[in-house]
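K.L.:
Here you go, sequence then predicted model.
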Amino acid sequence: MKLFIQDEQGQYVTATTPEIIKEGRSRTRSTLKRGTEFIGSSQAAKEAIASKIFSYQHEVFGCLFLDTKNCILAWKEMFQGTIDSTTVYPREVVKETLRLNATKVILAHNHPSGNTDPSQQDIELTKKLKEILQIIDVKVLDHIIVGDEITSFADMGIQF
């Protein structure tokens, strides 16, 4: 399959890989703006988040903040770490949740190794954040891990 773009003269030419990637990133950035996208499934969440943190060579933990109707309020990269870990401060997640007036949150991080199997630490962190956010009436809908594949805790039936 070939993709085409329009050049300055209005002629259609085959798009190069960098042009395709640039356009994809541009479109993804625009879709994660406040109120522009409804997240109705784990698949929608995975698609929205994966392009944001897939290419990092270090771990990044972020949150997709949603309103009562599951519309995006914001995507925020909250913490950056090393090649195989990052430190997450629940207090900062709570502060950002309250600042945005979010009622739901989807947690996400990447595994630069490519392996998206949740670690015990991933599961424990998710439980901890769910408990803390529950106190302020905020629901954690899912935790997504991005690597060679995209793993959703909700799809796996992981109870957190």
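P.N.:
Perfect, I can see it now. Residues are numbered from 1 along each chain as shown.

K.L.:
show me the contacts for Val105.
P.N.:
Residues near Val105 by Cβ atoms under 8 Å, 6 or more residues apart in numbering: Cys63, Leu64, Phe65, Leu66, Val93, Thr97, Leu129, Leu133, Val138, Lys139, Val140, Leu141. Quick note: C-beta positions are derived from backbone N, CA and C, even for glycine.

K.L.:
Recalculate using a threshold of 6 Å.
P.N.:
Residues counted as contacts of Val105 (Cβ atoms under 6 Å, 6 or more residues apart in numbering) are Cys63, Phe65, Val140.

K.L.:
Just among those, which is most surrounded?
P.N.:
Within the contacts of Val105, neighbour counts (other Cβ atoms under 10 Å) peak at Cys63, which reaches 27 neighbours.

K.L.:
quick one, what contacts that residue?
P.N.:
Counting by Cβ under 6 Å, 6+ apart, Cys63 has contacts Lys76, Met78, Val105, Leu107.

K.L.:
can you confirm it is in a strand?
P.N.:
Yes: the assignment for Cys63, made by DSSP: H, G, I helix; E, B strand; the rest coil, places it in a strand.

K.L.:
Please name the bridge partners of it.
P.N.:
Lys76, Leu107 (DSSP bridges).

K.L.:
how close does it sit to Phe38?
P.N.:
Note on Cys63: its distance to Phe38, by Cβ to Cβ, to the nearest Å, is 17 Å.

K.L.:
returning to what we had before: closest to Ser42 out of the contacts of Cys63?
P.N.:
Closest to Ser42 out of the contacts of Cys63 is Leu107 (12.4 Å), distances taken as Cβ to Cβ.

K.L.:
That closest one and His143 touch, don't they?
P.N.:
Yes: using Cβ atoms under 6 Å, Leu107 makes contact with His143 at a distance of 4.3 Å.

K.L.:
Now the residue positioned nearest the centre of the chain: which helix or strand?
P.N.:
By Cα atoms, centre = their mean, the chain has its centre lying nearest to Ile49, at 2.9 Å. Using DSSP states H and E, Ile49 sits in helix 42-53.

K.L.:
Buried by neighbour count: which residues of that helix qualify?
P.N.:
Ser42, Ala45, Lys46, Ala48, Ile49, Ala50, Ser51, Lys52, Ile53 (16 or more other Cβ atoms under 10 Å).
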